[in-house]
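**Q** what's the 3D shape of this:
(chains A, B, C and D)
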There are 2 protein chains.
Amino acid sequence: MTTIRDIARLSGYSVSTVSRVINQRNYVSPATRMAIQKVVDQLDYAPNAVARDLSRGRTFNVGVVLPHSDHPYFTQLVHGIMRAAFKANYRVVLLPSKYEVNLERGYLADLRQHAYDALIFTSHGLPLTELNDYRRYGTIVVCENPHDCPIPAAYAARQTTYVEAFELLKQRGDRRVAILASRSLAKSATTQAMVAAYQQVFGTKPAAALVCTGVTTPADGERAGQTLLKQSQPVDAVLTNGDDIAVGLLRAYRAAKVSAPFLIGQEHQPSGEALRLPTIDHHFETVGARAFQLAVSGEVAQIPVDSQLVVPET
Amino acid sequence: MTTIRDIARLSGYSVSTVSRVINQRNYVSPATRMAIQKVVDQLDYAPNAVARDLSRGRTFNVGVVLPHSDHPYFTQLVHGIMRAAFKANYRVVLLPSKYEVNLERGYLADLRQHAYDALIFTSHGLPLTELNDYRRYGTIVVCENPHDCPIPAAYAARQTTYVEAFELLKQRGDRRVAILASRSLAKSATTQAMVAAYQQVFGTKPAAALVCTGVTTPADGERAGQTLLKQSQPVDAVLTNGDDIAVGLLRAYRAAKVSAPFLIGQEHQPSGEALRLPTIDHHFETVGARAFQLAVSGEVAQIPVDSQLVVPET
DNA sequence: TTGTAAGCGTTATCAC
DNA sequence: GTGATAACGCTTACAA
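**A** Numbers count the residues shown, from 1 in each chain, chains lettered A, B, ... in the order given. Sure thing, here's the model as predicted:
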């Protein structure tokens, strides 16, 4: 591998002059520039990016921790982060976590080791307080409402829209309303928001049997549908965990030849449009973009992003 | 920032002994280990990842060039790459290109500068020959059939399945069959495969008016639908560019209150299932995993991955 | 078992 | 304008 020193030696100039030519910084006489450039071209020299990063003390990398990479929540978020990162000349590094705390700790360690300038947790298994502890090593941003934890955050303001969704069901006269969630009430801010909204609208907590957790894929949705079908009384409506998941749920009802409950989707995906479902658009791309801005600015702010209930035209 | 030298100084041992303790390599006496570890803990020391990469001469990063980050082709591919990369302890860096050749050249330059150990082009605007030229600087893998260009490649074997799809339409008696494609015939191997399959089945090239290019999103699909609606004779069937795009196309027909043509999807997405569309599953996750394997093995092989026509049960 | 010292390939500070 | 040289922070022969 040819280095800057090789160029210096062969051109007869010093390493620093070569560096100036390469980085087009400060004055170098045209003649010198040409002479050096000639050697650079001859040796097909390219400066080493890692050495550069080391010398500069920054990487321009931002790590994005993802529990799953195939869920629309994450793909939309990543998309938003990428758009913003691209404009700011940062690179996005994908870090799969599967919600495993040891993996998450590993990424925190990487941040501490300056592998990334900042870390964005699109979701996390570790307690918020533990993430917060690592902020002394670098910027950390989360994509959920951190409430009283003073950590930078950009997140979908879900609560009001969930209320709107349940109001819609209430007006329709639906009584037995199920909820599909990806994680347990204890662990997930999102599940908590759904349950809280239910309570606000219906005045009671949803029956435990009507809250299905562990649902993240269409196949999970199908399983959830099978569970709901087993109940003694039919379910009137379901607030699903995503339009795609609603498709899976329908699979179960279709197989059982039972007419399906009224469904509300989330994520505003084409599948929801195909089914002509009301859906909740959480504007995750915007959330992602905001999260990135927090990541590079180092600002400690909590930025809610409005979500929106989208009802298909009749 | 505390460095390995600080630890050496404060513990009274040498830098190399400290390094051994940190990396748990070679023998260090338990007493020494403990003494050093104590200082490490006290100073809350963590080794610098960039310095490590520089010293080792590898980054364990693989760059993935993506024209779009919101298209299912790319998300599925990325998903497959991530799974494989994770197992091999590599990190995936996302590189948006929008098919702009100058961006792509920039990423090639980054490879040359050892910012990545390898580069995977999920698609590309630059000619294959130019990509191939850069292989002397590092491993480059493409995700399309490179035919006679000797570049590592993992790709969906589309042709036979496209033939199957057109056979299905032919048997149904569809005569006027449109094709939705993302890029022009000249630029895209995929478009070429679709047109070739059409010709194989119907014996003629598709009419130019029935090949819509520039279609990558549901909104594009809607525009394509509007175009098809303007034709003097109705279109019988459309091989769409993706299930999600079929949803967009239906939007146009619905708005016009015209009954829609028979649609075939691609990508096997939930939206296709919702519409009960026949669809083509290109197994892009597998393609991604294979591409990654080529990226790190350095093997120069061309790996076709079978695709599959999926017809919904009636 | 531990230490010395030479890399790894840049950038940046100062002198000249 | 250009050049020495010291960082940057780590790994790794080789020596002891």
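**Q** Which strands and helices lie in contact with the lengthiest helix in chain A?
**A** If each helix of chain A is counted by residues according to DSSP state H, the longest one is helix A:72-87. Other helices and strands packing on helix A:72-87, by 3 or more Cβ pairs under 8 Å, 6 or more residues apart in numbering or on different chains; DSSP states H and E, are strand A:61-66, strand A:91-96, helix A:284-297, strand B:91-96. (Glycine included, C-beta is placed from N, CA and C.)
**Q** Compare the ones you listed and report which one is nearest to DNA strand D.
**A** strand A:61-66 (16.0 Å; Cβ to the nearest atom of the strand).
**Q** one step back: mind putting the helices and strands packed on helix A:72-87 into TSV with mean pLDDT, distance to DNA strand D and mean neighbour count?
**A** Putting the helices and strands packed on helix A:72-87 into TSV (pLDDT from 0 to 100; distance: least, Cβ to the nearest atom of the strand, whole Å; neighbours: other Cβ atoms under 10 Å in any protein chain shown) gives the following:
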stretch	mean pLDDT	distance to DNA strand D	mean neighbour count
strand A:61-66	96	16	26
strand A:91-96	96	20	23
helix A:284-297	97	20	23
strand B:91-96	96	17	23
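**Q** Which of these sits closest to A:His114?
**A** Proximity to A:His114 (Cβ to Cβ) singles out strand A:61-66 among the helices and strands packed on helix A:72-87, at 9.6 Å.
**Q** And for the closest one, what's in contact with it?
**A** A:74, A:77-78, A:81, A:85, A:90-97, A:104, A:107, A:110-111, A:115-124, A:292, A:295-296, B:93 (Cβ atoms under 8 Å, 6 or more residues apart in numbering or on different chains).
**Q** Could you rerun that using 7 Å?
**A** Strand A:61-66 has contacts (Cβ atoms under 7 Å, 6 or more residues apart in numbering or on different chains) with A:74, A:78, A:81, A:85, A:90-97, A:104, A:107, A:110-111, A:116-122, A:124, A:292, A:295.
**Q** That one pairs with which strands?
**A** Here strand A:61-66 has these sheet partners by DSSP bridges: strand A:91-96 (parallel), strand A:118-121 (parallel).
**Q** what angle separates it from helix A:284-297?
**A** 140 degrees (axes from the mean of the first three to the mean of the last three Cα atoms, to 10 degrees).
**Q** Relative to DNA strand C, how far out is A:Val142?
**A** Between A:Val142 and DNA strand C the computed distance is 32 Å (Cβ to the nearest atom of the strand, to the nearest Å).
**Q** Return the distance of A:Val18 relative to A:Ser11.
**A** 7 Å (Cβ to Cβ, to the nearest Å).
**Q** what about those two, which has more around it?
**A** A:Val18 (27 against 20; other Cβ atoms under 10 Å in any protein chain shown).
**Q** For the more buried one, which residues are in contact?
**A** Going by Cβ under 7 Å, 6+ apart, A:Val18 touches A:4, A:7-8, A:11, A:36.
**Q** where does it land in three-state SS?
**A** helix (DSSP: H, G, I helix; E, B strand; the rest coil).
**Q** how close does it get to A:Asp53?
**A** Relative to A:Asp53, A:Val18 is positioned 19 Å away (Cβ to Cβ).
**Q** Quick check: which element contains the one residue in the stretch 51-200 of chain A that gets nearest to DNA strand D?
**A** Residue nearest to DNA strand D within the stretch 51-200 of chain A: A:Ser55 (4.0 Å; Cβ to the nearest atom of the strand). Under the criterion of DSSP states H and E, A:Ser55 resides in helix A:49-56.
**Q** Tell me how many other residues crowd the residue nearest to A:Tyr99 when sequence neighbours are not counted.
**A** Leaving aside its sequence neighbours, A:Tyr99 sits nearest to A:Gly125 (Cβ to Cβ, 6 or more residues apart in numbering or on different chains; 4.0 Å). A count of nearby residues for A:Gly125, using other Cβ under 10 Å, gives 19.
**Q** likewise the one 10 residues further on?
**A** A:Arg135 has 17 neighbours, counted by other Cβ under 10 Å.
**Q** With A:Met34 instead?
**A** When neighbours are counted by other Cβ under 10 Å, A:Met34 registers 11.
**Q** and it, what are its phi and psi?
**A** Here is the backbone geometry of A:Met34 (degrees, to the nearest 10): phi -60, psi -50.
**Q** Please give me every residue in contact with it.
**A** A:Met34 makes contact with no residue, according to Cβ under 7 Å, 6+ apart.
**Q** same thing with A:Ser188?
**A** When contacts are counted by Cβ under 7 Å, 6+ apart, A:Ser188 is found next to A:181-182.
**Q** gap between it and B:Arg105?
**A** Taking Cβ to Cβ, one finds A:Ser188 at 44 Å from B:Arg105.
**Q** And for A:Ala8?
**A** Distance from A:Ala8 to B:Arg105, by Cβ to Cβ: 27 Å.
**Q** same check, this time on A:Ala246
**A** Per Cβ to Cβ, A:Ala246 is found 43 Å from B:Arg105.
**Q** so where do the strands sit in the stretch 101-250 of chain A?
**A** Assigned by DSSP state E, counting those that start in this stretch, the stretch 101-250 of chain A shows strands spanning A:118-121, A:139-142, A:153-157, A:177-180, A:211-212, A:237-239.
**Q** Any chance you could list what contacts the third one?
**A** Taking contacts as Cβ under 7 Å, 6+ apart, the residues outside strand A:153-157 that touch it are A:141-146, A:282-284, A:287, A:290-291, A:294, A:302-307.
**Q** Also the first one?
**A** Outside strand A:118-121, the residues within contact range by Cβ under 7 Å, 6+ apart are A:62-65, A:81, A:107, A:111, A:131, A:138-143, A:291-292, A:295-296.
**Q** Ok, the last one next?
**A** For strand A:237-239, contacts defined as Cβ under 7 Å, 6+ apart pick out A:165, A:169, A:174, A:177-180, A:194, A:249, A:261-264.
**Q** which of the contacts of A:Val18 are close to DNA strand C?
**A** A:Ile4 (Cβ under 7 Å from any atom of the strand).
**Q** Is A:Val258 in a helix, a strand, or coil?
**A** Once three-state DSSP is applied, A:Val258 turns out coil.
**Q** Can you give me the pLDDT of A:Tyr45?
**A** Looking at A:Tyr45, its pLDDT reads 90.
**Q** One more: A:Ser14?
**A** 87.
**Q** wait, what's in contact with it?
**A** A:Ala8.
**Q** which sections of chain A are below the confidence cut-off?
**A** For chain A, no stretch has pLDDT under 70.
**Q** Can you tell me which residues in it are near DNA strand D?
**A** A:12-17, A:20, A:26-29, A:31-33, A:51, A:54-55, A:57.
**Q** at 6 Å what do you get?
**A** Counting by Cβ under 6 Å from any atom of the strand, chain A comes close to DNA strand D at A:13-17, A:26-29, A:32, A:54-55.
**Q** residues from chain A in reach of DNA strand C?
**A** A:1, A:3-5, A:15-16, A:19, A:22-23, A:47-48, A:51-52, A:54-56.
**Q** Repeat the analysis, applying 10 Å as the threshold.
**A** For chain A, the residues in contact with DNA strand C (Cβ under 10 Å from any atom of the strand) are A:1-8, A:14-23, A:25-26, A:45-58.
**Q** Take those and, keeping just the buried ones, write it as a ChimeraX select command.
**A** To isolate the buried ones among these in ChimeraX, judged by 16 or more other Cβ atoms under 10 Å in any protein chain shown, type:
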select /A:4,6,7,8,17,18,19,20,21,22,45,46,47,48,49,50,51,52,53,54
